[in-house]
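In: My questions concern the predicted model and sequence given below.
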Amino acid sequence: MKEIIKISLASLLLVACGSEAPAPEATEDTSASMASEMEAPKYPAEIFYNSTSFLAPNVAGLAFSPNGENVIIASDETGIFNVFAVNVASGDRIQMTNSITTATYAISYFPGDNRLLYSTDGGGDELSHLYVREEDGATRDLTATEKTQAIFMGWSEDKSKFHVLTNERDQRSFDLYAYNADDYARKLLWENTNSLAVSDLREDGRYAAVVEATSSGNSDVFLLDLNIEGGAPKLLTEHDGKIQFGSYGFTPDGGKLILSTDEHGEFSQAWTYDIVSGEKAEYAKADWDIQFLGFSNTGKFQTLGINADAETKLTITNQMTGETVSLDGLAAGNVLNPRFNEDDTKLAFMLNSDVSPNDLYVADLSNGSTKRLTHAINPAINQDHLVTASVVRYESFDGTKIPSILYKPKGASLTNKVPAMVLVHGGPGGQTRKGYQAMVQHMVNHGYAILGANNRGSSGYGKTFFHMDDKDHGGGDLQDIVNGRKYLETLDWVDTSKIGIIGGSYGGYMVTAALAFEPEAFDVGVDIFGVTNWVRTLKSIPPSWESFRKSLYDEMGDPAVDAERHMAISPLFHAENIVKPLLVIQGVNDPRVLQVESDEIVEKVKANGVPVEYILFPGEGHGFRKRENRIIASDSYVNFLNRYLKGEIADEPQS
């Protein structure tokens, strides 16, 4: 199956208004939050993180084995992600990789045998290489050059070759290669001298869709004819003004490229481009962004995912009859990562909800019946003790409605008020969505309300809202977060004297920015690998991000000309203002937010005589992949908040 997920280029920095859907007043959705007044027993982080995380394979890969008996996934049941084969009939899992130090991720079966493709990097450095696992268990790095990142792009139509992008020639540009499936000999198909982003490849290998991001909110799609050696890509999306164009892939017959575009409204729609005639036509639209669109192997089925108010709504359509395929026997939640078997008789997918992590299911497409193959949640957890979130909206300083995800702890009430945390997502163009988060459920279980605020600049709520923070980071978006506290203070079950802020990546920046620029707005802060010095960060972005550097600089500012403004919004240069307790968490190998960012803010805040705790994780990057480290981090959040927000005596601080 071919499936493309639309994301913001600028949001990759730190892993996404008037015409949005009508917003209710800033009150809880009581139908979604009718929790028992009984307070739940407190679970340690280990209980939450001993649930298993399951991840689907690369979107361009073959998830089903050639005989259809197994599906490959990645699982962290060993303590770190490894590749497993899951039997479709029994649900039994066989471990296919045996890493104990570095996470490995499933990509694809080979079409004719049980060989596997998988990826792994150097302990969070994001230099992911492509590996093959032979049928006898032997492994081989197919991209074994230094400082190289490889991206799998799918199989050829006859399945004799697979396509790979690699930046080994120039770290700033990804060249396209075809690998022979038998002996792994490869051929260069296109040398990418202009650092464009290859988005999709037609199965017959003739055409590729490439994207150029010219600024924030403005991009173009080109069609590259790989049969013409040295041929220049053809511009398909000539336009005026700021319009985002991208690609969802080619139609099953290969005659059309399906473009994503926000040209016709606030949200991303799907339009076709006829390769022969050049005509464009509307294909699909919704009242929200089309998150992904894809087709089954034979083209019989189409999948369409809509990002509807922070939840994914999936529609499966039989292209031959026009009828919608209903999946029976499923609990409410997000249906994600649909993957068809070779003859389109079965569909594998992931299902999650606020109270349940990703689980693998298989559906029989002849009747819509479904079968659950995994049980991710730790059986030591009573799911009745977990909390289903509510979607709320509150008003910011200028009247803008801020869509947010609210978690109310069990037992919280007018007579049992609880402390609260404003949670800020990464990005800057990310989105806090509904769905299971062990970190969040752990904090909520320990009596902390969580408000996941989608400040201006967040994706998913229309292009006007998305661009409201351009070159205003630390301005209006920070005030949205400050107003998140003010919203929490209106809830009669929140202790208004005990409200903190927590966030990772760009959200971590917002934590230290809040403490530095609004020193009395929050009572504590938890910074998870957050930017503290924008001058350094924007100068040190990885070379592999060259294809969207223009877009990033257009949104954030070019350090060559905007250094003064970057210093003005960087908490490091204003750290003398920080007077509230701070916890900082950082991975040593992080290529996006360098360790020095956290080192320096910790040193400066300590000089203020303010309580500071600092935890460094060797062998981790931008996000923690080892279960033991996720447990340590989550316990640290709760212990820190118990000490400095609740004022309780807890475990000794980490340092």
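Out: Great, that's in hand.

In: what's residue 605 sitting at in phi/psi?
Out: phi -70, psi -40 (degrees, to the nearest 10).

In: quick one: it from residue 599, how far?
Out: Separation of residue 605 from residue 599 (CB to CB, to the nearest Å): 11 Å. C-beta coordinates here come from the backbone N, C-alpha and C atoms, glycine included.

In: Looking at those two, which is more packed in?
Out: residue 605 (29 against 15; other CB atoms under 10 Å).

In: Next up, the contacts around residue 130.
Out: Applying CB atoms under 8 Å, 6 or more residues apart in numbering to residue 130 gives the contacts 107, 117-119, 141-143, 150, 152, 164.

In: Keep only those of those residues that are in strands.
Out: If you go by DSSP state E, the contacts of residue 130 have 107, 117-119, 141, 150, 152, 164 in strands.

In: Looking at neighbours, which among those residues is most surrounded?
Out: Within the ones in strands among the contacts of residue 130, most neighbours by other CB under 10 Å means residue 118, with 28 neighbours.

In: Doesn't residue 561 lie inside a helix?
Out: Yes. Counting by DSSP: H, G, I helix; E, B strand; the rest coil, residue 561 is part of a helix.

In: burial count for it?
Out: Neighbours around residue 561, by other CB under 10 Å: 9.

In: Return stretch 433-441 as PDB; C-alpha atoms alone will do.
Out: In PDB, the C-alpha atoms belonging to stretch 433-441 read as follows (Å, rounded to 0.1, in the frame of the first residue of the first chain):
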ATOM      1  CA  ARG A 433      -3.700  15.100  20.100                       C
ATOM      2  CA  LYS A 434      -5.900  12.600  21.800                       C
ATOM      3  CA  GLY A 435      -4.400   9.200  22.300                       C
ATOM      4  CA  TYR A 436      -2.500   7.200  24.900                       C
ATOM      5  CA  GLN A 437       0.500   8.900  26.500                       C
ATOM      6  CA  ALA A 438       2.200   7.000  29.300                       C
ATOM      7  CA  MET A 439       3.800  10.200  30.700                       C
ATOM      8  CA  VAL A 440       0.500  12.000  30.800                       C
ATOM      9  CA  GLN A 441      -1.500   9.200  32.400                       C
END
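
In: distance of the residue of the chain most remote from its centre from residue 450?
Out: Distance to the chain centre peaks in the chain at residue 415, reaching 37.9 Å (criterion: CA atoms, centre = their mean). Look at residue 415 and residue 450: by CB to CB, they are 21 Å apart.

In: Grab the nearest non-local neighbour of residue 616.
Out: Nearest non-adjacent residue to residue 616, counting by CB to CB, 6 or more residues apart in numbering: residue 586, 5.5 Å away.

In: now the helices for the chain?
Out: Taking DSSP state H to define them, one finds helices in the chain at 45-49, 438-445, 463-466, 476-488, 506-517, 534-539, 549-556, 559-569, 595-606, 627-644.

In: Return the most buried member of the ones you listed.
Out: Highest mean neighbour count of those: helix 506-517, a mean of 29 (counted as mean count of other CB atoms under 10 Å).

In: nearest to residue 479, of the contacts of residue 130?
Out: Taking CB to CB as the measure, residue 479 lies nearest residue 119 of these, at 40.3 Å.

In: Against residue 109, how distant is that closest one?
Out: For residue 119, the distance to residue 109 - CB to CB - is 14 Å.

In: cool, residue 643 as well?
Out: In terms of CB to CB, residue 643 sits 49 Å off from residue 109.

In: avg pLDDT for stretch 163-182?
Out: The predicted model gives stretch 163-182 an average pLDDT of 96.

In: got the buried residues for it?
Out: Buried residues in stretch 163-182, counting neighbours by 16 or more other CB atoms under 10 Å, are found at 163-168, 171-179, 181.

In: Also stretch 256-265?
Out: Result for stretch 256-265 [16+ other CB under 10 Å]: buried residues 256-263.

In: which residues does residue 501 contact?
Out: So residue 501 contacts 421-422, 424, 481, 485, 510-511, 514-515, 521-522, 524-526 (CB under 8 Å, 6+ apart).

In: actually residue 383, not the one I typed
Out: 355-356, 377.

In: Let me know the closest of those to residue 411.
Out: Distance to residue 411 across those (CB to CB) is lowest for residue 355, with 16.5 Å.

In: what's near enough to touch residue 402?
Out: Contacts of residue 402 by CB under 8 Å, 6+ apart are 393-396, 453-456, 480, 483-484.

In: Now for the residues you listed: which two are most distant?
Out: 395 and 454 (13.8 Å).

In: Give me the more crowded residue out of these two.
Out: Neighbour tally, residue 395 and residue 454, criterion other CB under 10 Å: the higher count belongs to residue 454, 26 against 16.

In: wait, doesn't that one sit right on residue 425?
Out: Yes. If you go by CB atoms under 8 Å, residue 454 and residue 425 touch, sitting 7.1 Å apart.

In: Now for the two: what residues contact both?
Out: 431-432.

In: what about stretch 406-423, average pLDDT?
Out: Mean per-residue pLDDT for stretch 406-423: 97.

In: Any idea how far it is from the middle of the chain?
Out: Counting by CA atoms, centre = their mean, to the nearest Å, stretch 406-423 is centred 27 Å from the centre of its parent chain.

In: For it, which residues meet the burial criterion?
Out: 406-412, 417-423.

In: Likewise for stretch 106-119?
Out: So stretch 106-119, judged by 16+ other CB under 10 Å, has buried residues 106-111, 114-119.

In: where are the low-confidence patches of the chain?
Out: Counting by pLDDT under 70, the ranges of the chain that qualify are 1-37, 649-655.

In: repeat that for 50
Out: 1-36, 654-655 (pLDDT under 50).

In: Check the separation of the first and last residues in stretch 285-297.
Out: 23 Å (CA to CA, to the nearest Å).
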